[in-house]
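Participant: just a sequence and a predicted model for now, questions to come.
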Amino acid sequence: MNFLRSYVIILLLLVAGNTEGLAQSANDTTASAFVAGACDMCKTRIEKAALERKGVKSAQWNLATQLLTVSFNHEQVTLERILCRVADRGHDNDFEKAKDAVYQSLPSCCAYRSKITANGQAVTGSVAVILAENQLVKGVVMEENKQGSFVPLTGATVQWLGSNAAVTTDSSGVFSIRSVKDINQLVISYVGYKADTILVSNATEMKVIMATGKQLNEVTVTSRMRSTYLSSLSPIRTQVMTERELFKAACCNLGESFETNPSVDVSYNDAVTGSKQIQLLGLSGNYTQLTVESLPGPRGLATAFGLNFIPGPFVESIQLSKGVGSVVNGFESIAGQINVELKKPQTAERVYVNAYINDMAKTDLNLVLTKKLNDRWSTALMLHDNFQARADVDYNKDGFRDNTTGNLFAAVNRWNYNGIKGFESQLGFKILVDDITGGQTGFRPKQDQGSNSIYGLGIKTNRYELYAKAGYVFPGKKYQSIGIQFSVFDHRQDAYYGLTTYDGKQQNLYANLIYQSIIGSTIHKFRTGLSFLSDHYDEQFQLTRYKRKENVPGGFFEYTFTPVENFNIVAGIRADHNNLFGWFATPRLHIRYEPVTGTTIRISAGRGQRTANIFAENNSIFVSARQIEIFASSGGGAYGLLPEIAWNKGISIDQKFKLFGRNSNLALDFFRNDFKQQVITDLENPRKVVFYNLDGKSFSNSFQAELNMEPVKRLEWRLAYRFYDVKMTYTSQLLSKPFTARHRAFSNLAYEVKGWKMDYTINITGTKRITATSSNPTIHQRAATSPSYVLMNAQLSKSLGKNKHTDVYFGGENLTNFLQRDAILSADQPFGPYFDASMIWGPVTGRMFYAGLRYKIK
């Protein structure tokens, strides 16, 4: 184990740990909101009303901009409560309209309704223009940045002055809103910017430019956003897991980031290697496209250990979508897509430190440093080091260590350039070195490797990545842009599993050129472009070598139709040519409809295609005595097998409503997946694993219901139930997919108060089918189904210090101490004919406790 890297991280931590310029209390929040008024008397009344709330330190209202700026302690009062008090005194605002009786009692000089222009000056009735009632007004909201380019503002609020009629701008800054009787002024507001009040004429399309230099200093978003939320305007149902969600657990790596998400299962592949896999819609993780900032993530040979390769503290957010994704991102997604957003140089903390240790002596150290070099350049350095030395952890007493020992080191250096006149670019590189040892507790690699008297395994991985992005937004045409994405990686793995050896090399190149614009108006938008994906594989299993080159050039076109704000369609198609399998087309369709406010219905359908990597995706077969057979077919390319092709269809309904007087939502979704071609991994013979092309049916049905609510203030409760029906044909017999539970229930409670955060998660997993072992001797046979079981995880964290830059956290996993006692068949004879460590249906480690520290300098 190389401790030097760990000491370097600690040294950097000490050098970077200055707190200059951090005198402002973390509890102090400055925010602004639109408040209507007409004179100096209004100013006095508005400011006095705001200061009546306990916790408000200052309040200032500007007649010209109609903007109230308040500074307050967000643990004592919220912006909404302040605005409610202002409305009680007779002044309409972003949050609440004043009662008519109160407004009419104001002095005549304070009458402001239907009298305010963009400059805050009164107008006469002859000047004001009244729109026809229910007329559709469309527009786009942009800002002109320092480089002179127009950038769309996503999520800006567009509201008719003095009414509750409001919409938000979409990802392109576009909005459409129906006019309200006798009102002709729109208030455009955006968090961190001064509100603009616009006089609307009979024109039905408009462009709003938020003026340069109107950004407020030290503005903090005050309303509580849920730790996980849905993008309500996107036709593709995308669930965004924020950093708050990731902090609910230790999240040492990407695999552990889904512990509080009911849609994704994460489980061990086997009882020896420590590799994990995700499961989405009942399908294994290789059917879910994993990307990092829309570039290829761990794939191919990295599939088995890819979840361990992305450190949790590097992650800013995770975007999860079920079903087929956009054709812009490729053709491989079948079950869904997981896109990981890393911390950005221009927005992340200047210093972020995370240290973790558990009672198995596993230690993680993480350091993130960012630096803004000038107005255009910013950079970030991210370092991760984890190591575990204890080889005697053996909860089920089978003689095998429950966790691998060794060291993983990862480093990321990224650069961001914000150029002039709409040009922006990113570039970076990543390095990963992983060296792990597993097997029996007494195994020593230097002395015992290659021995048939004690079982051990060793896996060494070296991975190097380089990526770059560049984009250009056309001046004055924010809807028109062009961008290119590029990445390369080199992945090398050398491994032995007892007497079995497997070495693999993969070189990948990816390029994606994207152009987007409109057809006539923003009702018709499109994206089109060209892509190229190249993979070179060189694998050696025992004495057999498998080499292949897979080059896939292609093109795509995606059309978005948005005739009204509550309905849109995204239809896309791409054509690609695989040098092994020829031409193929990938059509995909997404529809979003909001029949009433708060009810969103989405429908999706499309095709996905991928090439199976049978060894990397099933590395658990190496920790068994099974003989490997491959039934090649004519026309097969990789290992003599055909590509995997599936059609996915899905529908989801999201309903927002009030429960216990607070915002809640209910989500229902159903997805059906039908394979036309699939590579079957057949484990039904306990002495063999056979790979062959599907001959028959293979499908998955997935249903999930999820309820999110806040029964009491600051207590978030997430409940979910999920049902899977996954079957495939094994040598003419349609069977349920093994090691997949049909039923799962989930509950997560999260409570925050005065710097304390408490999280408690329960998972109830139903029974699973276990592959047949009846032909084994009785002592090496297992039941046909696993028992159901309950897992509980909990974490408590506390923010410390006046400025709360430090968090300490303590937690426990598998608090019920449930584990699969018979995880390894014939564990006492690992070189015998019945040895098998791949038949995993439950946890392989018992109760575990951990502690950690997070330190931030913003």
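Facilitator: That came through fine.

Participant: in the stretch 101-250 of the chain, which spans are strands?
Facilitator: With DSSP state E, counting those that start in this stretch as the criterion, the stretch 101-250 of the chain has strands at 136-144, 150-152, 157-160, 166-168, 174-178, 185-190, 193-199, 205-210, 228-230, 238-241.

Participant: for the stretch 751-858 of the chain, that is, sorry about that
Facilitator: Taking DSSP E, counting those that start in this stretch to define them, one finds strands in the stretch 751-858 of the chain at 756-765, 789-800, 806-813, 848-857.

Participant: quick check: angle from the longest one to strand 756-765?
Facilitator: Right, the one you point to is strand 789-800. Interaxial angle, strand 789-800 versus strand 756-765 (axes from the mean of the first three to the mean of the last three C-alpha atoms, to 10 degrees): 170 degrees.

Participant: after the helix or strand containing Ala646, which helix or strand is next?
Facilitator: Assigned by DSSP states H and E, Ala646 falls within strand 644-659. Going down the chain from strand 644-659, the next helix or strand is strand 662-677, by DSSP H and E.

Participant: the helices in the stretch 401-550 of the chain, which residues?
Facilitator: Taking DSSP state H, counting those that start in this stretch as the test, the helices found in the stretch 401-550 of the chain are 445-448.

Participant: could you do the stretch 1-150 of the chain as well?
Facilitator: Secondary structure of the stretch 1-150 of the chain (DSSP H, counting those that start in this stretch): helices at 4-16, 40-51, 79-88, 100-104.

Participant: which one of the strands of the stretch 101-250 of the chain has the lowest average pLDDT?
Facilitator: Mean pLDDT is lowest for strand 205-210 among the strands of the stretch 101-250 of the chain, at a mean of 59.

Participant: nearest to Glu565, of the strands of the stretch 751-858 of the chain?
Facilitator: Of all these, strand 756-765 sits nearest to Glu565, with 36.2 Å by C-beta to C-beta. All C-beta atoms are positioned from the backbone trio N, CA, C, and that covers glycine.

Participant: quick one: low-confidence parts of this protein?
Facilitator: 1-28, 64-65, 74, 94, 114-134, 144-151, 171-172, 191-196, 199, 201-226 (pLDDT under 70).

Participant: so which residue is dead centre in it?
Facilitator: With distances taken as C-alpha atoms, centre = their mean, the residue of the chain nearest its centroid is Ile318 (1.3 Å).

Participant: who's in contact with that one?
Facilitator: Counting by C-beta atoms under 8 Å, 6 or more residues apart in numbering, Ile318 touches Val240, Met241, Leu246, Leu254, Ser257, Ile338, Asn339, Val340, Glu341.

Participant: so who does the third one touch?
Facilitator: Contacts were defined as C-beta under 8 Å, 6+ apart; by that measure Leu246 touches Ser257, Gly312, Val315, Ile318.

Participant: regarding the residue nearest to the centre of the chain, what is its secondary structure?
Facilitator: strand (DSSP: H, G, I helix; E, B strand; the rest coil).

Participant: which residues does it bridge with?
Facilitator: Counting by DSSP bridges, Ile318 is bridged to Met241, Val340.

Participant: look up how far Phe489 lies from it.
Facilitator: Computed as C-beta to C-beta, to the nearest Å, the Ile318 to Phe489 distance reads 21 Å.

Participant: what's the answer for Gly650, then?
Facilitator: Distance, Gly650 to Phe489, using C-beta to C-beta: 31 Å.

Participant: same check on Ile680?
Facilitator: 29 Å.

Participant: who has more neighbours, those two?
Facilitator: When neighbours are counted by other C-beta atoms under 10 Å, Ile680 and Phe489 differ, and Phe489 comes out ahead with 24 against 21.

Participant: which residue sits closest to the more buried one, ignoring its sequence neighbours?
Facilitator: Closest residue to Phe489 apart from its sequence neighbours, by C-beta to C-beta, 6 or more residues apart in numbering: Glu465 at 4.1 Å.

Participant: how about Lys322?
Facilitator: Nearest to Lys322 is Gly336, by C-beta to C-beta, 6+ apart, at 4.4 Å.

Participant: and that neighbour, what is it in contact with?
Facilitator: With C-beta under 8 Å, 6+ apart, Gly336 has these contacts: Leu280, Leu281, Thr288, Gln289, Leu320, Ser321, Lys322, Gly323, Gly325.

Participant: against Val264, how distant is it?
Facilitator: Distance of Gly336 to Val264, given as C-beta to C-beta: 9 Å.

Participant: the nearest residue to Ser425 once chain neighbours are set aside: neighbouring residues, count only.
Facilitator: Among residues not flanking Ser425 along the chain, Ala470 sits closest, at 4.2 Å (C-beta to C-beta, 6+ apart). Counted with other C-beta under 10 Å, residues neighbouring Ala470 total 16.

Participant: which residues touch Ala470?
Facilitator: Per C-beta under 8 Å, 6+ apart, neighbours of Ala470: Phe423, Glu424, Ser425, Gln426, Gly483, Ile484.

Participant: just the buried residues from those, in ChimeraX please.
Facilitator: Buried residues among the contacts of Ala470 (16 or more other C-beta atoms under 10 Å), as a ChimeraX selection:
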select :424,425,426,483,484
